[in-house]
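K.L.:
Need coordinates for the below:
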Amino acid sequence: MALKMVKVATKPFTDQKPGTSGLRKKTTVYMQPNYTENFIQSILSSVGDKLKGCTLVIGGDGRYYCKEATEKIIRMCAANQVAKVIVGQNCILSTPAVSHIIRKYKTEGGIIETASHNPGGPKEDFGIKYNISNGGPALVASTDKMFELSKAIKEYYICPDLKVDISKIATSKFTIENIGEFTVQVIDSVKDYSDYMKEIFDFNILKELLTGSGGKPKVVALVNALSGVMGPYVKRILCQELGLEERNAISCESLPDFGGHHPDPNLTYASDLVADMKKGAHDIGVAFDGDGDRNMILGKNAFFVSPGDSLAVIAANIDSIPYFKKNPAKGFARSMPTSAALDRVAKDKGKDLYVTPTGWKFFGNLMDAGKLSLCGEESFGTGSNHIREKDGMWAFLAWLSILAARKMSVEDILKDHWSKYGRNFFTRYDYEGVESAQGEKVIATVEKMISDKSTVGKEYVHKEKKYKLAQVEQFGYTDPVDKSVAKNEGLLLSFEDGSRVVFRLSGTGSQGATIRMYIDSYENDKAKMHQDPQIMLKPLIEIALQISQIREITGRKEPTVIT
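P.N.:
This is a model prediction of the structure:
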């Protein structure tokens, strides 16, 4: 029997403007009548003429409300003349897996239900983002179109009687009245991605590394999925395929509230991993975030690998990854706030270097144009041109490949890297959930200073440490491929010794504002390279706090998170 398509009258919501990574709100906001439906209709309508007869991928990180949202999205795709949807079993698909599946099956795009590293639950965060046909996040022109459509929406289309069991791997076909056939293919959440990792890495070598087979020394790994989407991927890839002992796979049940924790892989929110690694029983540790695109690497005794150093080390050892032997590396890229450690590796290897605004979508154009092979952001995101998203599992497998090739510890690899290239001491201060007006006032305070050109050449002093300001700017970016322009992407203060301070308001929260302050300082004195970054950077941190007046404006003596 044919299912009916129904037009439902609705009214616009004024707050459906997607940010850097989709539309993130409190779950209760998405659960309002018509809120989810309005935004999904705006996404589908933004696809335009390509929507009719196309295939879309649907998946998410398993957080609270994912199942209900997935069912709504499937019904709305049917009503909007989409021919087929590919859905992750139990609506579970990591963001990197969605990117790969879009590219593998050449779909028009994908809808991902995630708020990434934000907490989940009835009173926490939910999000929806759209990825385009190259597998990457929708570009600004697309998200702007979604927002404009959301402000004028009068109705949405849905097939309310369409029911499909997304807990079972199967293909179901439906007939939609006056539209035609509609197919729902529920797939194994891990298989396509796992198969792809086998093409990129040498699983035989990695299994020998993790099990000590073949007479080789065993590297003991500890993995924490933070109760996010990566649990099934850790179990299948690391445990079943590569021999990781299950007792070393922690928090690998995907929970709708992430076990009540914040699924963000940093020293604050992945403190359980840090504590376990400090015991000295494991050689390498990794934590993944809620949707699987971010990672934090630790060495023995919780030796911390900063995201900028991780990216630089992978770049310096890129030939350890079989994929790059078949596909020689092209350019490298980092987001502007990320430490400049990558820059020296790019120069040493004769690779083009691109510095982009924050947001993975800026890397996609460069990859599609054949200009870029490896990239990363300071927010624990690392990836390559194998997909168009950052990829936490890929980064960990890259590190395992480097350990197998170098036959050194994580710490010794870093120290060897610093001895050759010097070290970028880096830290990020996050002030989360501040009042929006306070965040704007902090930025306005720094903007006022930047607008005064007489500040260039000014000397700042803290406890005998002097920094002379060389350049100030509101960072902008012109895409070298399509010449599109991005403005107001961060306030950058550069000093004569190469040190940098960056201020940004983050767009990844669901309410209020997050002020991010980044400090980056280069050191090539080998006697100082192994110092604690917080000690080495303390004078510049204090100067940055003085310039921005963060403590005075927000009333906060300390940041929420220090990376």
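
K.L.:
model confidence over the host helix or strand of T382, on average?
P.N.:
Assigned by DSSP states H and E, T382 falls within strand 381-384. The predicted model gives strand 381-384 an average pLDDT of 96.

K.L.:
Which secondary structure elements does it sit against?
P.N.:
If you count contacts as 3 or more C-beta pairs under 8 Å, 6 or more residues apart in numbering; DSSP states H and E, strand 381-384 packs onto helix 307-316, strand 372-377, helix 392-406. For the C-beta atoms, the positions are set from N, CA and C on the backbone; glycine is no exception.

K.L.:
Convert the C-alpha atoms of that strand to PDB, please.
P.N.:
Extracted C-alpha coordinates of strand 381-384, given in PDB (Å, rounded to 0.1, in the frame of the first residue of the first chain):
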ATOM      1  CA  GLY A 381      41.500  17.300  15.200                       C
ATOM      2  CA  THR A 382      43.800  15.600  12.700                       C
ATOM      3  CA  GLY A 383      43.200  14.100   9.300                       C
ATOM      4  CA  SER A 384      44.200  13.600   5.700                       C
END
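
K.L.:
That one: how far from the chain's middle?
P.N.:
8 Å (C-alpha atoms, centre = their mean, to the nearest Å).

K.L.:
quick one on the thing from earlier: now for the helices and strands packed on strand 381-384, which one comes closest to E148?
P.N.:
In terms of C-beta to C-beta, the element of the helices and strands packed on strand 381-384 nearest to E148 is strand 372-377, at 28.2 Å.

K.L.:
Buried by neighbour count: which residues of the closest one qualify?
P.N.:
372-377 (16 or more other C-beta atoms under 10 Å).

K.L.:
and what of stretch 188-204?
P.N.:
Going by neighbour count (16+ other C-beta under 10 Å), the buried part of stretch 188-204 is 189-190, 192-194, 196-197, 200-203.

K.L.:
contact partners of that stretch?
P.N.:
For stretch 188-204, the external contacting residues (C-beta atoms under 8 Å, 6 or more residues apart in numbering) are 59, 88-90, 92-94, 96-97, 100-101, 104, 169, 232-233, 236-237, 241-242, 321-323, 386, 393-394, 397-398, 400-401.

K.L.:
how would you label the spatially closest residue to H262 that is not a sequence neighbour: helix, strand or coil?
P.N.:
Nearest residue to H262 in three dimensions, chain neighbours excluded: Y269, at 4.3 Å (C-beta to C-beta, 6 or more residues apart in numbering). Per DSSP: H, G, I helix; E, B strand; the rest coil, the secondary structure class of Y269 is coil.

K.L.:
quick one, what contacts Y269?
P.N.:
226, 261-263, 561.

K.L.:
now it: how far from V57?
P.N.:
As judged by C-beta to C-beta, to the nearest Å, Y269 and V57 stand 28 Å apart.

K.L.:
and the end-to-end length of stretch 1-12?
P.N.:
Stretch 1-12 stretches 33 Å from its first residue to its last (C-alpha to C-alpha, to the nearest Å).

K.L.:
And stretch 224-234, by the same measure?
P.N.:
Using C-alpha to C-alpha, the end-to-end distance of stretch 224-234 comes to 9 Å.

K.L.:
Just the mean pLDDT for it, thanks.
P.N.:
pLDDT averaged over stretch 224-234 gives 97.

K.L.:
And that stretch, how far out from the chain middle?
P.N.:
Distance, centroid of stretch 224-234 to centroid of chain: 15 Å (C-alpha atoms, centre = their mean).

K.L.:
For K207, report the pLDDT, please.
P.N.:
Reading off the model, K207 has pLDDT 97.

K.L.:
Apologies, that question was intended for E459.
P.N.:
91.

K.L.:
how far away is it from G498?
P.N.:
From E459 to G498 the distance is 16 Å (C-beta to C-beta).

K.L.:
These two: which is more packed in?
P.N.:
G498 (15 against 10; other C-beta atoms under 10 Å).
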